[in-house]
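Next come a sequence and a model predicted from it.
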Amino acid sequence: MSFFESLRQKATFIDKIAESFGTTLTRDERFKLEYKLPADENIMLDINADISFKCIHARDQTFKVSTNDKNSHAANIDGPPSVHYVFSGKLYLTSHFLVFRDSFDQKSCILVLNISTIKKVERTPSSLYAFSLTIHLYSNTQILIQFIGLKYKSEQFCEQLKRNLKENIPNVKRLSYFLSTCYSEFLINKNVLRQKDIRAPPAGLGQTYRYPGSPDIAKEKAKLRLWFDYFKENGQNISMVRTLYFQKLVRIGIPNRLRGEIWDVCSGSMFLREANEDLYERLLSSNKNKSSQATEEIEKDLKRSLPEYSAYQTEEGIQRLRNVLTAYSWKNPDVGYCQAMNIVCAALLIYMTEEQAFWCLCNLCDIYVPGYYSKTMYGTLLDQRVFESFVEEKLPVIWNHLEKHDIQLSIISLPWFLSLFYTSMPLEYAVRIMDIFFMNGAKSLFQVALAVLKVNADDILSSEDDGMFIAVIKTNFHSLHESAHPDSRDIKYRQITHFQTLLVTAFKEFSVIDDELIGQERNKYKKAIFQDIETFVKKTQLRHLPKVFHLTDDNLSNIYDMFYQSIETHKISMGTGSSNMQFDVFVQFMTRLCQWCTTTTKSDDDKFVPQRNAFLTKLFVKWDRSELNELTLTDTILGFDKLVTPDLLESINNFFSLYDSDDDGELQRDEVLQMAEGLLFLTEPWKSGKIIDKLTQRSIENDIAEKIIHDTGNELQDKNNIELPTDVSIDEDKYKSEQTERYLQANSNFLQRSFEYAKSLELADDFNLIDLSDDDNDMNGSIPFEIKENRKKKKFESLMANAALDPIHPKVLDLATFRMIVLADETYELFFAETFRLSINLDINFGSNNDRGKALRGMFDGIIADGRRVAEHVRRRVDSVATKNSAVSIEGSIPATITSTMTNGSRFEDLDDFTSEPQDEQEELLKNSWLDEDDADEGQGARKEQTVELLNPESEPDLIEFET
């Protein structure tokens with residue numbers, strides 16, 4: 001046992017390791033995620049290269065080697081003498097972008113260049129015959145590239161770049177308008193190029209309604225000057241080079257007027273905005289005056305979006321917020337609108353235009369915090385679990401204190417992540433965190449959240465309940481502008497605020513929290529979180545279902561599982577994809593549930609599939625209450641509740657309603673024929689012998705009982721200890737042929753009786769039916785008139801002889817007649833009462849192998865194997881056969897008239913089974929009064945000796961089970 005225990009422990013350990021890593025992204029996916037590129041961009045080629053930049057507006061025109069890369073190849077470049085730095089790294093080419101990343105620390109020099117900004121490309125001569133290019137941009141910036149490696153790869157890269165530039169020419173035409181929307185372009189045009197009569201591009205609400213806080217004008221201008229100098233030396237907007245100095249400027253603080261554009265660049269939404277010109281306006285115009293569930297929810301939350309900001313107390317601010325949220329709901333209907341999205345969007349609109357905020361919101365939801373703003377908010381719940389694991393690991397003292405006093409950390413931390421600190425901190429400090437968030441990604445949220453707990457550790461450890469914990473955090477957030485060291489003698493030290501302390505703690509002490517670590521923790525808890533969400537959603541939906549009468553809780557659970565697993569596009573845990581079922585999915589769904597939806601042989605597919613689709617179409621239309629050509633879970637549940645009703649008359653009524661398309665309670669001739677075809681289709685498994693019904697089951701049991709009587713010489717020593725035979729041979733072909741003949745005869749009788757007992761409709765007296773028969777095959781008019789008239793009369797008489805085709809008295813079948821016809825046939829009565837209902841497998845777990853039906857050979861093997869259960873059934877059959885044999889033994893002493901009365905039309909059915917005994921035979925027996933006088937005493941004795949045991953059909957399982 002120790003060996004197997006060791007294996008079990010190792011398997012558990014390996015599973016934990018696998019959960020930590022989870023699925024890995026492809027190279028292209030990681031590349032697009034890292035540089036925030038549009039989804040259709042993929043790496044076409046990549047090559048090692050040295051790269052340098054020359055900006056015509058730069059102040060310093062000295063030639064320098066990158067201090068971060070001592071192995072730079074600057075000495076091999078014969079470029080212009082005004083180049084700044086040379087960086088070594090890797091250059092990537094996609095269909096619309098050139099991307100460069102340095103090889104030193106992957107952040108000293110990052111260039112994401114849209115090739116629409118390229119004005120000219122020329123080959124640069126080199127003293128050492130190195131392959132070099134000079135790229136001229138519309139902003140008058142020059143980029144010098146020297147390729148490192150095999151020459152043919154360099155030529156291949158240049159050839160592909162040339163093809164991309166040609167294909168991108170149409171996109172260059174809209175570059176001028178796009179640049180006019182960028183504030184950095186306005187700064188260069190006004191202060192460097194000295195252009196006159198130019199206007200600043202549109203801005204966010206803050207330009208009109210003031211920005212949050214009380215910004216110092218002098219500090220704002222100083223920050224703006226730093227960024228202006230950076231643009232002159234490193235380019236701007238979609239052609240800007242991001243260096244370590246760029247990251248430093250972000251940490252210092254972005255000027256309010258420029259914040260929207262920097263968020264636009266860092267988030268990658270600027271690339272989407274440039275590639276999808278006018279898409280935002282088209283979304284608004286094409287969906288104008290339309291409403292949806294998302295738009296209704298948006299209207300409810302508009303007035304609750306940052307109400308403390310003055311712009312959202314005006315119609316202008318509310319309308320901008322409404323436009324952006326509505327456009328996003330139409331662009332991404334899977335998400336539509338989610339809680340807290342209005343808060344984030346309202347904050348973006350303070351610094352960005354509507355179009356900028358729209359595209360920034362798209363990338364925020366898809367790249368930065370996926371799953372935060374979804375129907376199930378799975379991303380937020382997952383990151384809450386990851387954050388708790390970080391607190392437990394990095395701040396164990398605080399974690400133990402929270403556990404000891406049962407303080408729920410998620411109560412206070414959930415709004416931090418969901419609203420990105422906008423509802424927790426004052427806006428002027430929340431946007432500073434967003435500056436770093438858009439630059440570094442989601443890890444900034446974890447770092448700041450951990451820092452909040454760390455700087456308030458002493459006060460948190462003194463709190464003993466949730467209320468005190470929340471009060472501590474709120475007090476800290478409202479004092480972020482205060483000095484962290486008010487009693488210090490050092491003036492500079494006293495100027496350090498609580499907010500600055502928070503940032504230093506977050507990005508210094510918790511710098512170990514990186515994207516890779518967060519990804520591992522997410523993979524570790526992802527499965528459990530998704531299971532919890534799916535369980536919660538399932539319980540919620542099942543609890544809100546309408547009342548059902550014939551389905552158990554297990555049935556509802558199984559239908560729910562099968563329904564959503566059949567809809568592959570719908571992800572319950574993520575809340576994405578349509579949750580409604582189309583007809584093609586419905587066919588597959590029913591095939592997995594119903595035994596009559598699967599063909600018995602592949603050769604029957606050509607005939608079977610049209611029949612199946614015809615019947616399922618009627619079922620689909622009947623269940624589709626909203627008439628949208630799709631089924632909801634509620635539609636399916638209510639449909640199955642009617643389909644599996646144990647009430648015979650209700651089952652008959654439901655089947656009749658499928659073919660009564662106009663709901664007038666009557667079926668025309670074509671509808672009756674369709675119903676007959678439907679019955680043939682539904683009974684196919686029984687006609688083919690794939691499944692047996694109760695009548696065949698009873699016949700087999702009788703044969704087994706007779707075999708036991710025969711083997712024991714008609715005498716049983718102990719009826720309580722019956723030994724089942726082991727050598728009984730089952731004639732499968734016999735039972736199959738009998739069952740097939742019975743079902744075919746039932747369908748034939750149904751058609752015959754339907755038109756025999758159907759109600760006739762009288763036509764008008766002046767309606768000439770003979771003239772309707774025009775099929776006389778007389779194309780040339782050579783047949784005499786009398787002969788043609790005789791032919792018409794004969795054809796008319798033949799039509800009248802057929803009840804189904806009688807033109808004078810067309811037939812309609814009403815519900816009452818249909819019930820009578822079904823109840824008159826033992827096979828169809830049993831079919832609607834039990835057989836059809838039991839062929840629908842709702843009591844099994846989805847995916848499990850359940851052999852509900854059995855073929856004849858497997859059925860007999862089950863009889864032999866389950867002796868205790870079968871013995872009682874066989875004992876009853878033995879008593880019946882013994883009674884019949886006893887009657888046969890005294891046949892000679894009974895007058896011939898009695899013998900004929902007892903045996904006429906009888907097939908030796910069980911004396912204690914009255915389900916199949918005809919009523920007329922019973923009445924005929926009762927008419928013979930002299931039989932009662934002669935055999936009165938004998939009949940009473942027989943009733944005393946025979947014991948009849950009643951079986952509970954609910955507690956006693958069927959002897960013969962069904963085949964799947």
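Yes, it's here.

Identify the residues contacting Arg123.
Ser132, Leu133, Thr134 (C-beta atoms under 8 Å, 6 or more residues apart in numbering). C-beta: built from backbone N, CA, C; applies to glycine.

and it, which of the three is it?
strand (DSSP: H, G, I helix; E, B strand; the rest coil).

what about this protein, any weak spots by pLDDT?
1-23, 57-84, 126-129, 575, 600-605, 709, 712-730, 761-809, 845-964 (pLDDT under 70).

Give the other helices and strands that the longest strand along it contacts.
Under DSSP state E, the strand in the chain containing the largest number of residues is strand 45-55. In terms of contacts (3 or more C-beta pairs under 8 Å, 6 or more residues apart in numbering; DSSP states H and E), strand 45-55 is packed against strand 86-93, strand 141-148, helix 151-167, helix 217-234.

Any idea which of these gets closest to Gln582?
helix 151-167 (37.6 Å; C-beta to C-beta).

quick check: angle from the closest one to strand 86-93?
Relative orientation of helix 151-167 with respect to strand 86-93: 60 degrees, computed using axes from the mean of the first three to the mean of the last three C-alpha atoms, to 10 degrees.

about what we covered before: which of the contacts of Arg123 fall within strands?
Short answer: the contacts of Arg123 in strands (DSSP E) are Ser132, Leu133, Thr134.

Grab the nearest non-local neighbour of the residue nearest in space to the middle of the chain.
The chain has His570 as the residue nearest its centroid, 1.1 Å off, counting by C-alpha atoms, centre = their mean. Leaving aside its sequence neighbours, His570 sits nearest to Gly577 (C-beta to C-beta, 6 or more residues apart in numbering; 3.9 Å).

Tell me, how many residues neighbour the nearest residue to Ile238 once chain neighbours are set aside?
Nearest non-adjacent residue to Ile238, counting by C-beta to C-beta, 6+ apart: Asn114, 4.6 Å away. Neighbour count of Asn114, defined by other C-beta atoms under 10 Å: 21.

So what pairs up with Asn114 in the strands?
Using DSSP bridges, the beta-bridge partners of Asn114 come out as Phe97.

which other helices and strands contact the biggest helix by length in the chain?
Using DSSP state H, we find that the single longest helix of the chain is helix 515-543. Helix 515-543 makes packing contacts with helix 2-21, helix 378-394, helix 443-455, helix 553-566 when contacts are defined by 3+ C-beta pairs under 8 Å, 6+ apart.

For this structure, which segments count as strands?
Under DSSP E, the chain gives strands at 45-55, 86-93, 97-102, 109-114, 118-124, 132-137, 141-148, 241-243, 666-667, 759-760, 811-814.

Would you list the strands that the fifth one pairs with, along with their directions?
So that's strand 118-124. Strand pairing (DSSP bridges) places strand 118-124 next to strand 132-137 (antiparallel).

Please tell me how far the residue nearest to Leu631 when sequence neighbours are not counted sits from Thr591.
Residue nearest to Leu631 in three dimensions, not counting chain neighbours: Met581, with 4.5 Å by C-beta to C-beta, 6+ apart. Separation of Met581 from Thr591 (C-beta to C-beta, to the nearest Å): 13 Å.

So those two - more neighbours on which side?
Met581 (24 against 16).

Quick check: that one vs Ile567, distance?
6 Å.

Next up, the contacts around the closest residue to Asp635 other than its chain neighbours.
Here the nearest residue to Asp635 in space, its sequence neighbours aside, is Trp623; by C-beta to C-beta, 6+ apart that works out to 4.9 Å. Applying C-beta under 8 Å, 6+ apart, we find Trp623 in contact with Leu631, Asp635, Thr636, Leu638, Gly639.

try Gly260
Tyr183, Ala203, Gly204, Leu348, Tyr351, Met352, Thr353, Gln356 are the contacts of Gly260 under C-beta under 8 Å, 6+ apart.

which ones among those are found in helices?
The helices, defined by DSSP H, take in Tyr183, Leu348, Tyr351, Gln356 from these.

is it true that the first one touches Asn256?
No. Taking contact to mean C-beta atoms under 8 Å, the distance of 10.9 Å between Tyr183 and Asn256 leaves them out of contact.

Just give me the neighbour total for the residue nearest to His570.
Gly577 - counted by other C-beta under 10 Å - has 14 other residues nearby.

correct me, but it touches Val585?
No. Under the criterion of C-beta under 8 Å, Gly577 makes no contact with Val585, lying 11.8 Å away.

shared neighbours, these two?
With C-beta under 8 Å, 6+ apart, Gly577 and Val585 have common neighbours Ile567.

and Asp28, what does it touch?
Asn42, Ile43.

Pick the one among the ones in helices among the contacts of Gly260 closest to Ile367.
The closest of the ones in helices among the contacts of Gly260, once distances to Ile367 are taken by C-beta to C-beta, is Leu348, at 14.9 Å.

and which of the contacts of Gly260 is nearest to Phe390?
So of the contacts of Gly260, ranked by how close each gets to Phe390 (C-beta to C-beta), first place is Leu348, at 27.4 Å.

Would you agree the closest one is in contact with Leu361?
Yes. Counting by C-beta under 8 Å, Leu348 touches Leu361, with 6.5 Å between them.

list residues touching both of the two?
Joint contacts of Leu348 and Leu361 (C-beta under 8 Å, 6+ apart) are Val324.

what's around the residue nearest to Ser329 when sequence neighbours are not counted, how many residues?
Nearest non-adjacent residue to Ser329, counting by C-beta to C-beta, 6+ apart: Ala294, 3.8 Å away. Counted with other C-beta under 10 Å, residues neighbouring Ala294 total 20.

show me the residues around Ala294 that make contact.
Thr326, Ser329, Pro333, Gly336, Tyr337.

Would you mind measuring from it to Gly336?
3 Å.

shared neighbours, those two?
Counting by C-beta under 8 Å, 6+ apart, the residues touching both Ala294 and Gly336 are Ser329.

Surely Glu429 and Thr497 touch.
In this structure residue 429 is Tyr, not Glu. No. Tyr429 is beyond contact range of Thr497, at 9.4 Å (criterion: C-beta under 8 Å).
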